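Colleague: Prediction below, plus the sequence it came from.
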Amino acid sequence: MLLMADSLTVIALQMAVSILTQKMPAFRGITLGTLISGLAWLLLVLHPSVIMAVATLIVVAIGEITQQPRYYEYISRLAPSGQQGTYMGFAFLPIGIGSLVADGLAGS
């Protein structure tokens, strides 16, 4: 139930955050989202409790929805003409590698 905080936050706030950041340059959006997600963990460090764990996950989700769409926009603009699909595919490579590695480390 605790891990649903991230998913519910993404579902509830995706449109609002997208509207607020739509005029922001892609690189600035990536940087801001990464900063928000990184600083969110300070909440849990300052006050380790279940409530703060949920608050941390909510703030991490806000950072995620600030950063993630802009990341793929940046990758597509970075790619040479006609190779956007290839670059977008390689943008998912770290996720695939993480999934393969985590499966072996975390077990079933």
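Modeller: Alright, I've got the coordinates.
Colleague: C-alpha only now, for contacts and for neighbours.
Modeller: Noted.
Colleague: What is the burial count for D6?
Modeller: D6 sits with 19 neighbouring residues when counted by other C-alpha atoms under 10 Å.
Colleague: do the same with the one 4 residues further on
Modeller: Applying the criterion other C-alpha under 10 Å, we find 19 residues in the vicinity of V10.
Colleague: which residue is nearest the middle of this structure?
Modeller: Centroid-nearest residue in the chain, with C-alpha atoms, centre = their mean: E64, separated by 2.6 Å.
Colleague: Contacts only, for that one.
Modeller: Counting by C-alpha atoms under 8 Å, 6 or more residues apart in numbering, E64 touches G33, T34, S37.
Colleague: Likewise for G85?
Modeller: By C-alpha under 8 Å, 6+ apart, the contact list for G85 reads S76.
Colleague: Tell me the pLDDT of it.
Modeller: Note for G85: predicted pLDDT of 86.
Colleague: can you tell me how far it sits from Y72?
Modeller: G85 sits 11 Å away from Y72, taking C-alpha to C-alpha, to the nearest Å as the criterion.
Colleague: about what we covered before: what's the separation between the residue nearest to the centre of the chain and T31?
Modeller: Using C-alpha to C-alpha, one obtains 11 Å as the distance from E64 to T31.
Colleague: helix or strand for the residue nearest to the centre of the chain, which one?
Modeller: E64 belongs to helix 50-78 when assigned by DSSP states H and E.
Colleague: Let's see the pLDDT reported for the residue nearest to the centre of the chain.
Modeller: 93.
Colleague: and it, how far is that from M15?
Modeller: Per C-alpha to C-alpha, E64 is found 13 Å from M15.
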